[in-house]
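Participant: fold the following and give me the result.
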Amino acid sequence: MGGIRATGGVVFPLSAVMSPSEAAERWGLKRNTIIAALNRGLFDEQIEKGLVRQYQYENGKSDWYLTEQALREVYGEPRKENEK
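Facilitator: Numbering: from 1, shown residues only. Model (predicted):
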């Protein structure tokens, strides 16, 4: 079974890796809150551990990919389905 390999050889299933938009929905936050936290360095430790990754396109745009573990370390547990 495949997955995403992080720094240190840890493999995460694809279901545990998400965009800031999905993370915002699952944690009950705004997407801009997560992007601002990434840009302000709130996730620097998780980036170092390979739990968060930024992909930079040639045109200067970028995409972020975050693991559930990284989000739990910064924001705690995701909201429950009935807390929407």
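
Participant: so after the worst-scoring helix or strand of the chain on mean pLDDT, what's the next helix or strand?
Facilitator: The helix or strand of the chain with the lowest confidence, counting by mean pLDDT, DSSP states H and E, is strand 4-5 at a mean of 57. For strand 4-5, the following helix or strand on the C-terminal side (DSSP states H and E) is strand 11-12.

Participant: elements contacting that next one?
Facilitator: Applying 3 or more CB pairs under 8 Å, 6 or more residues apart in numbering; DSSP states H and E, one finds that strand 11-12 makes contact with strand 4-5. Every residue, glycine included, has its C-beta placed from N, CA and C.

Participant: how distant is the longest helix along the chain from the center of its chain?
Facilitator: When the chain is parsed with DSSP state H, its longest helix is helix 31-40. Mean C-alpha position of helix 31-40 versus that of the full chain (CA atoms, centre = their mean, to the nearest Å) differs by 10 Å.

Participant: can you list the buried residues in the helix or strand following it?
Facilitator: Using DSSP H and E, the helix or strand that directly follows helix 31-40 along the chain is helix 44-48. For helix 44-48, burial by neighbour count (16 or more other CB atoms under 10 Å) applies to 46-47.
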